[in-house]
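> structure for this input, please:
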Amino acid sequence: MKKISIILAGIQKTFIALAIVSFSFGISSCQDWLEMPDLTAEDSDFVFENEYKADMFVQGCYRGLIHSEMFYQLGMGETVMHASEDGTTNNSKYMICNYKYDPTMPATVTTIFKEQYRIIESTNIGISQLSNMPETSKRNALMGELLAIRAFCYHNLIRIYGDVPSIFQPLEEMDPSDENTFYPKRSPRDGIYDKIVADLQQAVEYLPWYSESGYGTPERLSKQGAYALLARVALYAGGYSLRWNFETNDPSTLQMARRSDDAKVKEFYQIADDACKAIINRSEHSLVKAQNNMTGFQYLWYNYCQRNFSATSGEMIWELAQYGTTTNSNFGVYAHPGSRGGTYGSRKAMQFMLPTYYLSFDENDTRRDVSCTSYSVYFLNKGAAGDTWVDVGTTYSCIMPGKFRISWCVEPAGASQRNLNIPVMRYADVLLMYAETQNYLNNGPTQAAKDALKEVRERAGIGSMEIPTGQQEFEDAIVQERKWEFAGEFTLRSDLTRMNRLADELATCKQAMKDLSDRRNEYADVPVYRLYKFQVDAQAYGDKFLALDYIDLTDANEIALVKAVPTNSAEYDAFQETLADIVKAHGITMADGDKWYPVNMFEAYTSTYNGNARKAVGFTNGYNALQIGNIIYTKPTGSAENGGTYPNWIEAADGSDGLYYGFEKNKCELLPFAAKSSGHPMIDNPNLTQHPGYLQSGE
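Down below sits the predicted model:
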């Protein structure tokens with residue numbers, strides 16, 4: 001044990017050194033990150049000898065707080081965004097998206113566990129040391145940040161794994177003779193939730209309001225940030241989760257359930273309600289509204305991508321700072337329209353938006369064209385100097401994520417360093433959580449609940465949409481509103497679990513995709529053919545382009561004309577004249593040089609028809625490819641276009657593929673621990689027990 005204790009002491013010093021050299025999150029966003037000097041083996045007495053050094057330590061605890069597995073693997077599979085990987089469906093990202101978990105492959109997340117506990121150890125050190133410093137408003141604010149960061153880490157671990165080890169003191173203060181010090185067992189999640197909810201309540205008392213913090217950006221936690229996080233965590237603490245007999249680990253005991261104490265559940269909802277109300281009543285935050293010829297939602301996300309904090313801080317409550325070469329991440333690398341070469345470089349998108357989600361928006365909802373793009377960026381010929389890049393119209397199997405499109409962003413620091421902050425909490429979430437708690441606590445929506453929902457909808461342009469009056473119907477509306485509002489913000493998957501909606505929502509989505517594929521029921525009249533306007537991409541960071549102009553065709557005569565795509569270049573001009581007549585017939589004025597081209601939305605992007613249509617508008621060598629993972633966009637959406645059967649990505653006949661093909665109720669709501677090699681929880685810790693739905697022989 002002595003050798004292990006020495007090793008752990010060295011680990012603690014490494015934590016402290018890393019935290020000290022981490023960049024400062026509190027600086028102006030217009031500056032580069034601070035260049036901190038190299039430090040080695042600094043002990044805790046040195047680091048916490050004054051508030052300045054303690055502040056640097058706390059800032060370092062934000063670093064790496066949100067691992068890419070949260071917004072990549074776990075940012076999909078929630079009926080909104082889906083995996084579009086390259087080459088094969090036999091890869092962990094695609095399998096996790098479809099709930100086909102395998103701890104030994106491993107088809108589960110592999111890094112979140114150790115990264116969250118790394119940060120937990122740092123916060124434990126900081127909390128312990130700050131407790132020995134004189135109590136001042138600054139010391140209390142630092143303590144509040146650490147309590148909230150630690151709570152956020154445990155919240156992430158519980159919503160992914162369920163019961164997890166509970167460690168609330170630094171390793172060096174723990175008993176080295178206790179086996180649980182080095183190989184901690186799972187602890188009941190309810191006890192952890194009780195602890196971190198109390199910690200967040202304390203953090204709220206310690207932290208200053210944002211307007212009084214002097215931070216300048218919402219990249220550090222303020223009182224509002226702690227309140228918002230408290231509301232979210234309390235909803236999870238009082239919500240549903242996959243549970244099992246903690247003592248026996250018997251698979252037959254797996255079930256979705258809340259904690260058994262109904263009064264405690266209600267208490268958590270009241271805590272969440274009060275936390276949201278405190279933010280609302282403070283009146284420091286509001287939804288970003290329309291301005292500068294943009295809708296409010298576009299203005300929010302365009303300026304977010306541009307790092308224009310003054311334009312977005314009214315809505316953004318907490319975002320994780322990412323900038324420069326030292327502290328940056330690949331957030332936004334996988335979820336965007338995709339681009340090949342040119343100014344933006346070759347950026348391959350690995351996620352796409354389900355067409356049922358794209359089609360779910362009301363025609364007046366301004367969020368659709370922000371969250372979804374029906375275009376990708378590609379060149380006409382070979383991408384050489386002098387080539388033309390185009391925002392090329394896509395099909396239903398390649399509707400792409402749009403909130404974090406690279407054309408809206410500042411120039412990245414590198415291919416995997418997007419200079420794009422990670423959104424964690426914003427005011428729209430506070431409003432919708434408040435609507436949810438009011439509905440639950442009052443057995444139906446109060447006027448305050450309706451007003452909160454209406455405020456979100458009015459910004460989106462659908463304020464006149466009817467608001468349900470029944471409790472269940474209002475909850476249904478909240479679930480849908482969260483999907484429309486928070487696409488790409490990686491909370492929807494576990495939100496559906498805490499509301500005990502995951503199984504039903506996945507089944508409903510799969511059936512809807514099959515109905516769309518068959519063009520039946522509510523999708524019976526979805527147009528097959530669309531005319532897109534030819535759009536040259538600006539090839540400039542900060543370009544405000546939002547969406548392609550298009551016409552969905554329903555007239556049989558017009559459809560017959562666009563189906564006759566020429567394959568002889570001598571006929572291209574005449575075809576453009578035919579398309580121009582159709583465009584004019586729809587009341588659209590044609591300017592000189594305007595061109596349009598048809599797309600069969602239910603065929604693959606790479607179908608012969610779609611390829612010929614792009615050739616007819618000017619594409620040459622670049623006519624039939626996109627910078628998107630190829631397992632989906634090269635496939636059709638329609639069953640008729642797939643020879644009378646569903647495309648495998650929707651439903652394979654033998655069940656080996658398809659939307660959520662691995663999902664099993666009362667099993668897949670939580671993930672198993674990875675168990676393949678060193679660095680995986682089940683390999684490194686012999687005292688951990690596996691998720692009982694994924695036990696291997698001998699366990």
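> which secondary structure elements does the longest helix along the chain sit against?
Longest helix of the chain, by residue count under DSSP state H: helix 137-161. With contacts taken as 3 or more Cβ pairs under 8 Å, 6 or more residues apart in numbering; DSSP states H and E, helix 137-161 sits against helix 51-60, helix 112-130, helix 189-206, helix 223-237, helix 492-498. Where you see a C-beta, it was placed from the backbone N, CA and C, and this is true even at glycine.
> so which of the ones you listed gets nearest residue 446?
Residue 446 lies closest to helix 223-237 among the helices and strands packed on helix 137-161, at 16.7 Å (Cβ to Cβ).
> who are the packing partners of the helix or strand just after that closest one?
Downstream of helix 223-237, the next assigned helix or strand under DSSP states H and E is strand 241-243. On a contact count with 3+ Cβ pairs under 8 Å, 6+ apart, strand 241-243 meets strand 255-257, helix 492-498.
> tell me the helices and strands packed up against the last one.
Okay, so that is helix 492-498. Applying 3+ Cβ pairs under 8 Å, 6+ apart, one finds that helix 492-498 contacts helix 137-161, helix 223-237, strand 241-243, helix 471-486, helix 502-518.
> if you set the cut-off to 10 Å instead, what comes out?
Applying 3 or more Cβ pairs under 10 Å, 6 or more residues apart in numbering; DSSP states H and E, one finds that helix 492-498 contacts helix 137-161, helix 223-237, strand 241-243, helix 427-441, helix 471-486, helix 502-518.
> could you look over these and pick the most buried one?
helix 223-237 (a mean of 26; mean count of other Cβ atoms under 10 Å).
> report the rounded mean pLDDT for it.
Averaging pLDDT along helix 223-237 gives 99.
> for the closest residue to residue 109 other than its chain neighbours, which residues are in contact?
Nearest residue to residue 109, sequence neighbours excluded (Cβ to Cβ, 6 or more residues apart in numbering): residue 69, at 4.3 Å. For residue 69, the residues meeting the contact criterion (Cβ atoms under 10 Å, 6 or more residues apart in numbering) are 75, 92-93, 96, 108-113, 115, 160, 490, 671.
> try 7 Å this time
109, 111, 112 (Cβ atoms under 7 Å, 6 or more residues apart in numbering).
> Provide the secondary structure category for the residue sitting furthest away from the middle of the chain.
In the chain, the residue that sits farthest from the middle, by Cα atoms, centre = their mean, is residue 570; the gap is 47.4 Å. Put simply, residue 570 is helix when judged by DSSP: H, G, I helix; E, B strand; the rest coil.
> ditto for residue 49
Using three-state DSSP, the structure places residue 49 in coil.
> a strand runs through the residue nearest to residue 109, doesn't it?
No: Residue 69 is assigned helix when assessed by three-state DSSP, not a strand.
> so how far is residue 113 from it?
10 Å (Cβ to Cβ, to the nearest Å).
> ok, now which ones touch the residue positioned nearest the centre of the chain?
For the chain, residue 490 is the residue whose C-alpha lies nearest the centre (Cα atoms, centre = their mean; 2.3 Å). With contacts defined as Cβ under 7 Å, 6+ apart, residue 490 is in contact with 70, 71, 74, 75.
> what residues are up against the second one?
By that I understand residue 71. 331, 490.
> swap the cut-off to 10 Å and go again
Counting by Cβ under 10 Å, 6+ apart, residue 71 touches 81, 329-335, 351, 404, 422-423, 488-491.
> got it, and the third one?
With contact set as Cβ under 10 Å, 6+ apart, residue 74 has these partners: 67-68, 96-97, 109, 112, 156, 159-160, 490-494, 671.
> which of those sits closest to residue 565?
Lowest distance from residue 565 to the contacts of residue 74 (Cβ to Cβ) belongs to residue 97, with 34.3 Å.
> residues of stretch 300-311 that come out buried?
300, 301, 302, 303, 304, 305, 306, 307, 309, 311 (16 or more other Cβ atoms under 10 Å).
> what about these, which are in helices?
300, 301, 302, 303, 304, 305, 309, 311.
> returning to what we had before: what touches both of residue 69 and residue 113?
160, 671.
> where do the domain boundaries of the chain fall?
208-321+421-499, 351-419+529-600+603-623 (automatic domain parsing).
> mind putting those into CSV with distance to residue 139?
What follows is the domains of the chain, written out as CSV (distance: least, Cβ to Cβ, whole Å):
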stretch, distance to residue 139
domain 208-321+421-499, 13
domain 351-419+529-600+603-623, 32
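> among the ones you listed, which comes closest to residue 168?
Between residue 168 and those, the shortest separation by Cβ to Cβ is 15.5 Å, and it involves domain 208-321+421-499.
> and that closest one, end to end?
Domain 208-321+421-499 has an end-to-end distance of 32 Å (criterion: Cα to Cα, to the nearest Å).
> what number of residues lie near residue 186?
When neighbours are defined as other Cβ atoms under 10 Å, residue 186 has 19 of them.
> hang on, it packs against residue 247?
No: taking contacts as Cβ atoms under 10 Å, residue 186 lies outside contact range of residue 247: 11.0 Å.
> picking up where we left off before, out of the helices and strands packed on strand 241-243, which one sits most buried?
When the helices and strands packed on strand 241-243 are compared using mean count of other Cβ under 10 Å, helix 492-498 is most buried, at a mean of 23.
> possible to save the helices and strands packed on helix 492-498 as JSON lines with distance to residue 535?
Converted to JSON lines, these look like this (distance: least, Cβ to Cβ, whole Å):
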{"stretch": "helix 137-161", "distance to residue 535": "40"}
{"stretch": "helix 223-237", "distance to residue 535": "38"}
{"stretch": "strand 241-243", "distance to residue 535": "46"}
{"stretch": "helix 427-441", "distance to residue 535": "30"}
{"stretch": "helix 471-486", "distance to residue 535": "25"}
{"stretch": "helix 502-518", "distance to residue 535": "26"}
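> which one of the ones you listed lies nearest to residue 190?
helix 223-237 (7.6 Å).
> does anything pack onto the closest one? Which helices or strands?
Helix 223-237 packs on helix 137-161, helix 189-206, helix 210-213, helix 262-282, strand 316-320, strand 422-426, helix 427-441, helix 492-498, going by 3+ Cβ pairs under 10 Å, 6+ apart.
> can I get the ones you listed in TSV including mean pLDDT and distance to residue 513?
TSV is the format used below for these (pLDDT from 0 to 100; distance: least, Cβ to Cβ, whole Å):
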stretch	mean pLDDT	distance to residue 513
helix 137-161	99	26
helix 189-206	99	33
helix 210-213	97	42
helix 262-282	99	33
strand 316-320	99	33
strand 422-426	98	28
helix 427-441	99	25
helix 492-498	98	17
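> can I get those in TSV with distance to residue 660?
Output for those, formatted as TSV (distance: least, Cβ to Cβ, whole Å):
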stretch	distance to residue 660
helix 137-161	18
helix 189-206	25
helix 210-213	40
helix 262-282	28
strand 316-320	29
strand 422-426	26
helix 427-441	25
helix 492-498	11
